[in-house]
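Participant: Give me the fold of what follows.
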Amino acid sequence: MGRFPEGKRRAATTLVPDTTSDPFVTSTTAVAPASVGTGPFHVLPFSGPALPFGKPTHLAVYLTPSGPPRTMLVYEIDTGRVLDIDLGQDAGWYTRAFDGAGGSVLLDGGVVLRATAEGITQVDQSPAGVGNSFTDAPDGRLAPGPDGRIWLRTLTPPSLVLLDETGTPSTTHYDLPIGADLYGSMADGRPVVRGADKRSIIVERDGRHTPLATGLTTVVEHGQFIETVCDAALRCSHVAHLGAKKRALGDVAVGTPGFRSYRLQPDGPLVATDDGGLLSLLDTDTSVFHPSLLSGVIPSAFGDESLLSSSVMFLPGGVGLAALTNDGLVLLDLSGRVVATIALGPGGGPGPPILGIGRADGLP
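Facilitator: Below is the predicted model of the structure:
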């Protein structure tokens, strides 16, 4: 994902806002400078609108590029800059990306990498240049831990290790049974793993295992997740777990992966639903439902069928949402109003279209 117009990712272009239609919507068309950067970060000759939300957000969107998985794209919301992070190797595929300590960006995929202005380091424990197979960790090997640190799921032997601020393994370590995958983390940083029976459990600080839910769950982000609950007649429904609150999201058809996917607002009551490319919003506090706000959301049959497959992510701090569509990267406020459409359109990289949301302040 993240292909530039007509696939010309490095064409000499500057984007000019098109305000011939709705004055609140800034669409962009390609038009010109040259690449500069620090270390593996390269500023591409491409830019979008400045301050689309009318105020600084200090946020960036991490995107899967088109072509071989040797780079990762970063779109700075406030400035419109596009950064291309040169990974220095083929990552195999992408699962997610998020901020680490010290201005670093962590990429989870075939290999686990840490990018800083000084360069790229491999933080997993496989030999340099050797990635794991997709079946070893289909939902990724990283998850946020306590105090800004990161959990790493090692391969041989399978275990969880807490990485320190520099990406170095600490002494905090939990053994895992064969077939157990890292499946996210709670809001306080406790890791969640999924066993061979597909049930999710929380690894407590003393090593005990606590069931997360009765039914099968999606990947756990900030302690939030979707649970699939079925009755004796095999009627199934999705239930959103937002902290201490649960909200039924309606019945689901069994055996239709990828048709409906969700994103949960990490710091609020909203649920974004992608139904066959149509984006809707539900406020679980007020039950107000905003249907079909956006069409053409890019499908991504990758990883967990109802969470990682989503091409929509909330921007933290109550700012809005980002979605990758057939028209490009779309930014919306929390009312569902489109504030910008940027011509970073669909590509074909091996990963979810949007890998994560980060803080632009730490980037070069």
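Participant: what pairs with His241 across the strands?
Facilitator: Phe225, Lys246 (DSSP bridges).
Participant: I'd assumed Ala213 was in contact with it.
Facilitator: Yes. Contact criterion C-beta atoms under 8 Å: His241 and Ala213 qualify, at 7.1 Å. (C-beta placed from N, C-alpha, C; glycine too.)
Participant: Find the residues that touch each one of the two.
Facilitator: Common neighbours of His241 and Ala213 (criterion: C-beta atoms under 8 Å, 6 or more residues apart in numbering): 225, 227.
Participant: Which of the helices or strands spans Thr166?
Facilitator: Assigned by DSSP states H and E, Thr166 belongs to neither a helix nor a strand.
Participant: So it versus Leu315, what's the distance?
Facilitator: Applying C-beta to C-beta, to the nearest Å, the value for Thr166 to Leu315 is 28 Å.
Participant: Look at the two and report which has more neighbours.
Facilitator: Neighbour totals were compared for Thr166 and Leu315, and Leu315 leads with 23 against 13 (other C-beta atoms under 10 Å).
Participant: pretty sure the more buried one is in contact with Asp333, am I right?
Facilitator: No. In this structure Leu315 lies outside contact range of Asp333 using C-beta under 8 Å: 9.4 Å.
Participant: Below-threshold pLDDT in the chain: ranges please.
Facilitator: 1-38, 125-138, 251-259, 300-310, 345-349 (pLDDT under 70).
Participant: quick one: the strands in the stretch 51-200 of the chain?
Facilitator: Applying DSSP state E, counting those that start in this stretch to the stretch 51-200 of the chain gives strands spanning 59-63, 71-76, 81-86, 94-99, 105-109, 113-116, 119-122, 142-144, 150-154, 159-163, 169-175, 181-185, 191-194, 200-203.
Participant: Of those strands, which is nearest Leu270?
Facilitator: strand 59-63 (16.7 Å; C-beta to C-beta).
Participant: distance between the ends of stretch 98-106?
Facilitator: In stretch 98-106, first residue to last residue: 5 Å (C-alpha to C-alpha, to the nearest Å).
Participant: Then stretch 107-119?
Facilitator: Terminal residues of stretch 107-119 are spaced 13 Å apart (C-alpha to C-alpha).
Participant: mind starting the numbering at 422 from now?
Facilitator: All set: I'll call the first residue 422, so the last point we hit is now stretch 528-540.
Participant: May I see the buried residues of that stretch?
Facilitator: For stretch 528-540, burial by neighbour count (16 or more other C-beta atoms under 10 Å) applies to 528-537.
Participant: count of neighbours near the nearest residue to Val582 once chain neighbours are set aside?
Facilitator: Counting by C-beta to C-beta, 6 or more residues apart in numbering, Val582 lies nearest to Pro590, which is 4.6 Å off, once chain neighbours are set aside. The number of residues packed around Pro590, counting by other C-beta under 10 Å, is 16.
Participant: repeat for Leu750
Facilitator: Leu750 has 28 nearby residues by other C-beta under 10 Å.
Participant: and it, what does it touch?
Facilitator: Residues near Leu750 by C-beta under 8 Å, 6+ apart: 469, 482, 484, 496, 743-744, 762-763, 765-766.
Participant: For Val733, give the beta-bridge partners.
Facilitator: Listed beta-bridge partners, Val733: Ala744 (assigned using DSSP bridges).
Participant: In contact with it: list those residues for me.
Facilitator: By C-beta under 8 Å, 6+ apart, the contact set of Val733 is 682, 684, 693, 695, 700, 718, 742-744, 775.
Participant: which strands and helices sit next to the strand or helix carrying Gly777?
Facilitator: Per DSSP H and E: Gly777 is located in strand 775-780. Helices and strands touching strand 775-780, by 3 or more C-beta pairs under 8 Å, 6 or more residues apart in numbering; DSSP states H and E, are strand 480-484, strand 515-520, strand 733-736, strand 741-746.
Participant: between those, which one is nearest to Leu670?
Facilitator: Of all those, strand 733-736 sits nearest to Leu670, with 14.9 Å by C-beta to C-beta.
Participant: distance between that closest one and the chain's centre?
Facilitator: Relative to its chain's centre, strand 733-736 lies at 8 Å (C-alpha atoms, centre = their mean, to the nearest Å).
Participant: re earlier: now render the strands of the stretch 472-621 of the chain as a markdown table, adding distance to Ala653.
Facilitator: Output for the strands of the stretch 472-621 of the chain, formatted as a markdown table (distance: least, C-beta to C-beta, whole Å):
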| stretch | distance to Ala653 |
| --- | --- |
| strand 480-484 | 43 |
| strand 492-497 | 46 |
| strand 502-507 | 50 |
| strand 515-520 | 35 |
| strand 526-530 | 38 |
| strand 534-537 | 47 |
| strand 540-543 | 49 |
| strand 563-565 | 34 |
| strand 571-575 | 35 |
| strand 580-584 | 36 |
| strand 590-596 | 36 |
| strand 602-606 | 27 |
| strand 612-615 | 24 |
| strand 621-624 | 22 |
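Participant: and of these, who's closest to Thr707?
Facilitator: That would be strand 480-484 among the strands of the stretch 472-621 of the chain, by C-beta to C-beta, at 25.5 Å.
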